[in-house]
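Undergrad: coords below, sequence missing:
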């Protein structure tokens, strides 16, 4: 059974994911963030399961034939059986004591195969092989699965035999030339030229040599005196090894006489001789003796090794081989470029300040230089401490900034991971992970920049995932499985959709102040850059407690802007208004928690509740009869802001507060004429700076006013300008093509704009006609449930419009912004439809809530869904059973018996040969009997058709 | 699929084993070589025996014929041997006033063609034609040769004095090739000591009759070859055709002959189905003389290498 262990990268990734989880809980809940975490979890699960499955059923055996030579790489053979499935990214490692050597890397392996590998050079001796393991870190390098390999328990490393040309007195071992000619054969490299048969070579036109029957010679007798220094002793052993090697090749015995040893060695042990393998082992372990040791007995006619040394110089030892490089220089630079492109992506989105990007670019460019110190522990510690410090800094930025920037900061973190990975490419990191990370950066960047680009990039990302998770037809399946797991985790895992982050709560309680939220802002600028789009986060939830919901969207006003200054619209300046009804924008304080605005009946009562604690204003529609702050504990402090809207400061408790508004049953009656002289209290609402009345605005104003009939009242004038603006200008969001960053460009028709453009332009045009008006911002609430009882106000519903003061009816709302859906419908092309569909699909993810989850569960437990699950499960089971039955039972039984016996079928080895090998290995009788029975049954079934 | 039985009668197996044992006793050689010779006989194929003179080739063939009670003839091939010396010739009989065909030594069940590479191409082609067809045409008449008709040819190592190389087409006629080397040391010493006795001094009775042998040869054709074994053989054959060291791989005829030999070996081992082991054991005897190596490579080595790395289907 394979064992699993996280790699260094896996440990880092785990630490990273833990920090991301902490950041997730520190901030308020966001669907996208949670989906991302689900994906990370699924990816980790797939990595673990894939690693496990890659080695499951694999068996291997390391075969070392003959002794290894000292200080020379030793060739060995790995017999690998992957069963019926192909495996990839296999690594074989050999441990000598605590030394680990990676000796083989296999990109792909299928079936039974043999691979030649080179064990690292070892000095002379008998080296215990602690363990030999086959492992894999596919597909992501996060987890390494390992499996023990059958291997010899020790490696006998003998002295390198001196080559024959350096060995004197080799004639004692006999010569091949004296043997009988047994036949002729074609010439092979290395053959003695004197053995070439001239006549046959001339006839066949190819060199032909005589093949002789081997004939044993009398052999050599070597006398070795071990009383010498270490260097001379090593040299002497090489001479003896040379004689032993040549003797084995020529079939001649070699007798070695030394202290405590007098034996004759032949290739195979016979009566009175010992196998040459024993001599190799002795040579591996032999040590010099001190000078006072007794001298060896030297037989007559023996070759004294000490004399032979004079005519046998030692060859130069082979140069050591350098360690393999994990990645080539070009691939490293290619990946470097990839990281730079990703950083460019991040810079384009504006998700990070320029100094951050420059810092990351600098580190990336310095990577080729930095990796020079990769083996220094100090460098690695410094680098990782720096990474941690930067990460903490980034986290601090995340916690203290707007909660909606969390994803943007996640993008920065991803880019930072890129830099970290590219700096560690020489280690266990795989470039695949880098590519995968790049794909994710591309996806998130697309989400921030343009919705339309998101879907194709997501598809590309799935393909990239398939590339990472493995080749072959199963790769796409694995990538889809990962995505399916992510979606299932996203849907099934219980969580608090309304959760606010603990970090924000802590900061809030410490600072006892409200955080700045989205929605009504301090000012509305005239110049817009490409900022991030508002999210689907729920801001306010509402419920009709009495009456019926209005048919039209509700303008929940949270702030008004009266003054048009060069940099944008500003609220009314002045002290915070108190309870003076005349200056409270119509609000009249009736009790500490109840305000009234209009007189009359109420059509419906709408109970509103803040969904995020950073919403501190009390948005209410303009047509509001009463606003009542509902009970809360601790008490809530309320006040009227300078712009005429209500503000509420809750206590330090965690509870979200709620308020109730009574909607007016009737709309104000409009119809007054435009007054030539505006009353003094309305003067601020008609004031227009000369810079605002540009030539473009005047032309537009003149064109719209020309459409109004003579004698028309103010409302008709307002409606004409609104309609003209609404139809002649297009709606666009920041980042979309044609978006006008300046209001003047929008007025000139040189670009499209969103609600703030339309509201600002309408207010300027109305003030050019001396119509009192002001800008209002808040939310346009129209997301009702099917029963139209529950209302959800999201961050993306933030809106801006104009409030006009009618001489007879007072203030009322005028909205010139065309509906975005209308704009898309007008486009009428297929691309627009697809974009709209993709956007709505994506909104299902971003707007996923507890209610949607409950509804989904209800659908899942319906009988249709259960039937579909049953059919799918049965089909899956049938496919599995079918796949299992494809492998005949006798074959499975035989494979199991072989595995039980601890053997591996070698390439070209028949079941009977394997059985014979098991007998020679001295297998346990029970196992052997089992293997015999199964082998015979297997033969009869597979080869006998039984 | 024919018979469902997967084993043959024990008596038949025992008889085959006894024959094998007797041959091993007669000629001091390895059991594998004797088994290969028996396989060739049972499969009805011709066997080429290579070896230097004096190692018991003739004795082996004679003993084989005697064990099965078959007619045995020996032809010593020489440079001046004519086809009529092999086939026979028509002689004028004055008493009958007719030409009477006098069969040559080829008309026997077991023919030992000694030193086949000494003869002229003309005589060799005559012999090869007889080996291929099992009959000869003389004076407009077609005469059947022995039943069974098996040629055991011996060949001295090439390029000995007076020898000629054999063309590939001639070699392809032989189902199996055996290299008969010198006996092992102990057995040769035992021969000198004379403790093995003289095999010809008192010939033991035949172990099997000729009809029994023919029945056994017919039984060979009923031995099954299942798909995994056929696929394994095909993989080996394909490997010989793709191997860099071989200029010419095994032909389909060679493969068919190899499988037939595999069937015979299975029967010899008491099975009615062929194992991959059968094909593997006969790979070298059946194919080594039929493939053509390039650059001085040894076909037997290449075949061993191919067998060592070709996966056996389980």
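TA: Here it is on my side, so go on. As the structure is a computational prediction, the values presented were derived from the model and not from experiment.
Undergrad: neighbours around the residue of the stretch 751-900 of chain A found nearest chain B, how many?
TA: With Cβ to the nearest Cβ as the measure, residue A:891 is the residue of the stretch 751-900 of chain A nearest to chain B, at 5.6 Å. Placement of C-beta: from N, CA and C, glycine included. Other residues near residue A:891 come to 17 when the count uses other Cβ atoms under 10 Å in any protein chain shown.
Undergrad: quick one: it and residue A:937 touch, right?
TA: No. Using Cβ atoms under 8 Å as the test, residue A:891 is too far from residue A:937 to be in contact (10.5 Å).
Undergrad: before we move on, back to that, ok, the residue of the stretch 751-900 of chain A closest to chain B - contacts?
TA: Residues in contact with residue A:891 (Cβ atoms under 8 Å, 6 or more residues apart in numbering or on different chains) are A:938, A:942, B:314.
Undergrad: Please state the backbone phi and psi of it?
TA: phi -70, psi -40 (degrees, to the nearest 10).
Undergrad: Measure how buried the residue nearest to residue B:92 when sequence neighbours are not counted is and give me the count.
TA: Nearest in space to residue B:92, with sequence neighbours left out and distances taken as Cβ to Cβ, 6 or more residues apart in numbering or on different chains, is residue B:99 at 5.8 Å. Neighbourhood size, residue B:99 [other Cβ under 10 Å]: 12.
Undergrad: Name the residues of the stretch 201-314 of chain B found near chain A, please.
TA: With Cβ under 8 Å from any Cβ of the partner chain as the criterion, the stretch 201-314 of chain B meets chain A at residues B:224, B:226, B:228-229, B:271-277, B:280, B:293, B:295-298, B:307-314.
Undergrad: if we go to 10 Å?
TA: B:224-229, B:232, B:236, B:266, B:271-281, B:293-298, B:301, B:304-314 (Cβ under 10 Å from any Cβ of the partner chain).
Undergrad: picking that back up, residue A:805 versus the residue of the stretch 751-900 of chain A closest to chain B, what's the distance?
TA: 90 Å (Cβ to Cβ, to the nearest Å).
Undergrad: Repeat that for residue A:554.
TA: 20 Å.
Undergrad: Where do the helices of the stretch 1-150 of chain B begin and end?
TA: For the stretch 1-150 of chain B, the helices defined by DSSP state H, counting those that start in this stretch cover B:10-26, B:31-42, B:57-67, B:83-87, B:121-133.
Undergrad: mean confidence for the second one?
TA: By that I understand helix B:31-42. Helix B:31-42 shows a mean pLDDT of 90.
Undergrad: how about residue A:600, what does it touch?
TA: A:623, A:625, A:662, A:664, A:665, A:666 (Cβ atoms under 10 Å, 6 or more residues apart in numbering or on different chains).
Undergrad: if we go to 6 Å?
TA: For residue A:600, the contact set (Cβ atoms under 6 Å, 6 or more residues apart in numbering or on different chains) comprises residue A:664.
Undergrad: Distance of it relative to chain B?
TA: According to Cβ to the nearest Cβ, to the nearest Å, residue A:600 and chain B sit 92 Å apart.
Undergrad: Repeat that for residue A:14.
TA: Distance from residue A:14 to chain B, by Cβ to the nearest Cβ: 40 Å.
Undergrad: Over to residue A:305?
TA: Per Cβ to the nearest Cβ, residue A:305 is found 31 Å from chain B.
Undergrad: The residue lying closest to residue A:290 once chain neighbours are set aside: what secondary structure?
TA: Of all residues not flanking residue A:290 in the chain, residue A:227 sits nearest, at 6.9 Å (Cβ to Cβ, 6+ apart). Following DSSP: H, G, I helix; E, B strand; the rest coil, the label given to residue A:227 is coil.
Undergrad: burial count for residue A:227?
TA: 16.
Undergrad: per-residue confidence for it?
TA: So residue A:227 comes in at 88 (pLDDT).
Undergrad: Over to the one 3 residues further on?
TA: As summarised for this prediction, residue A:230 has a pLDDT of 86.
Undergrad: how close does residue A:722 sit to residue A:201?
TA: Distance from residue A:722 to residue A:201, by Cβ to Cβ: 108 Å.
Undergrad: Point out where the stretch 1-150 of chain B drops to low pLDDT.
TA: B:1-10 (pLDDT under 70).
Undergrad: how about a cut-off of 80?
TA: Low-confidence segments of the stretch 1-150 of chain B (pLDDT under 80): B:1-13, B:25-29, B:51-53, B:138-140, B:146.
Undergrad: ok, for the residue nearest the centre of chain B, nearest residue in space, not its chain neighbours?
TA: Centroid-nearest residue in chain B, with Cα atoms, centre = their mean: residue B:47, separated by 2.0 Å. Excluding the flanking residues, the one nearest residue B:47 by Cβ to Cβ, 6+ apart is residue B:40, at 3.9 Å.
Undergrad: What is the neighbour count of that neighbour?
TA: 29.
Undergrad: The stretch 1-150 of chain A: helices as residue ranges?
TA: A:8-26, A:31-55.
Undergrad: buried set for stretch A:714-728?
TA: With burial defined by 16 or more other Cβ atoms under 10 Å in any protein chain shown, the residues of stretch A:714-728 counted as buried are A:714, A:715, A:716, A:717, A:718, A:719, A:720, A:721, A:722, A:724, A:725, A:726.
Undergrad: Tell me which helix or strand residue A:265 sits in.
TA: strand A:261-266 (DSSP states H and E).
Undergrad: partner strands of the next helix or strand after that strand, parallel or antiparallel?
TA: For strand A:261-266, the following helix or strand on the C-terminal side (DSSP H and E) is strand A:274-275. Strand pairing for strand A:274-275, determined by DSSP bridges: strand A:261-266 (parallel).
Undergrad: Noted, bye for now.
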